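Peer 1: need a structure here:
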Amino acid sequence: MRLSKITNVKLFMNKLLIENAFDSFLISEAIIKTGNTFVIDGHINEGFYSDEEISEMRDEALNDNRIFSEKLSRFIQLKPFILSTIKGKKTPSYFKFSFYLALENVDKLLALSDTTIKRSDIDGLSLIVKFSDSELTCTSSVSLNIFTTDKSIDKVWDDMVLKFLASHSIPYEVL
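Peer 2: Down below sits the predicted model:
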């Protein structure tokens, strides 16, 4: 687990909400506190969709080389709702976004790493983005389905998050 402070909040928010830096991440939850508190659950409610719509979503995921079984929405799908909640004259007093690395990107990460951990061992590679007391932080963490003393996947994920921030020119300080 690694905690990093984002040193340019305005730039980060532009990358998050206007540009596409975070679009391929899955989102499990978004909490935004303005005059009210808004909670968005990113879990896909399959009961809302017809069998045909579910089939289309699965076909689209296959065509995009994604895996539909993730049961979470892509950030790009919820970004318009989040943007409409956040934008305005006043900055939210608090927000938290719980992101997860999509399975196809977990596979890429594992292929590039020197770890004995398999994808079936991984429950999730998360990135928590939190704004509180005018400070924006990112926390990377790993959840496994197994018990192991091997922490190599933690280091790989923590390092990948820092590379991700750097590749999008997002300035940060590791805390």
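Peer 1: going forward, measure contacts and count neighbours with C-alpha atoms only.
Peer 2: Noted.
Peer 1: so how far is Arg119 from Leu136?
Peer 2: As defined by CA to CA, to the nearest Å, Leu136 lies at a distance of 30 Å from Arg119.
Peer 1: between these two, which is the more surrounded one?
Peer 2: Taking neighbours as other CA atoms under 10 Å, Leu136 and Arg119 compare with Leu136 leading, 21 against 16.
Peer 1: now do the SS call for the more buried one.
Peer 2: Secondary structure for Leu136, judged by DSSP: H, G, I helix; E, B strand; the rest coil, is strand.
Peer 1: give me every residue that touches it.
Peer 2: 5-7, 9, 129-130 (CA atoms under 8 Å, 6 or more residues apart in numbering).
Peer 1: and if we set it to 7 Å?
Peer 2: By CA atoms under 7 Å, 6 or more residues apart in numbering, Leu136 lies in contact with 5-6, 9, 130.
Peer 1: so which pair among these is furthest apart in space?
Peer 2: Val9 and Lys130 (11.0 Å; CA to CA).
Peer 1: hmm, back to that, need the worst-confidence member of the contacts of Leu136.
Peer 2: Least confident of the contacts of Leu136 in the model: Val9, at 94.
Peer 1: with adjacent residues omitted, what lies nearest to it?
Peer 2: Leu136 (6.5 Å; CA to CA, 6 or more residues apart in numbering).
Peer 1: pairing partners for that neighbour in the sheet, please.
Peer 2: Residues in a beta bridge with Leu136, per DSSP bridges, are Ile6, Phe131.
Peer 1: please name the bridge partners of Ile31.
Peer 2: So, taking DSSP bridges as the rule, Ile31 has Val39, Lys96 as bridge partners.
Peer 1: how many neighbours does it have?
Peer 2: Around Ile31 there are 16 other residues, counting by other CA under 10 Å.
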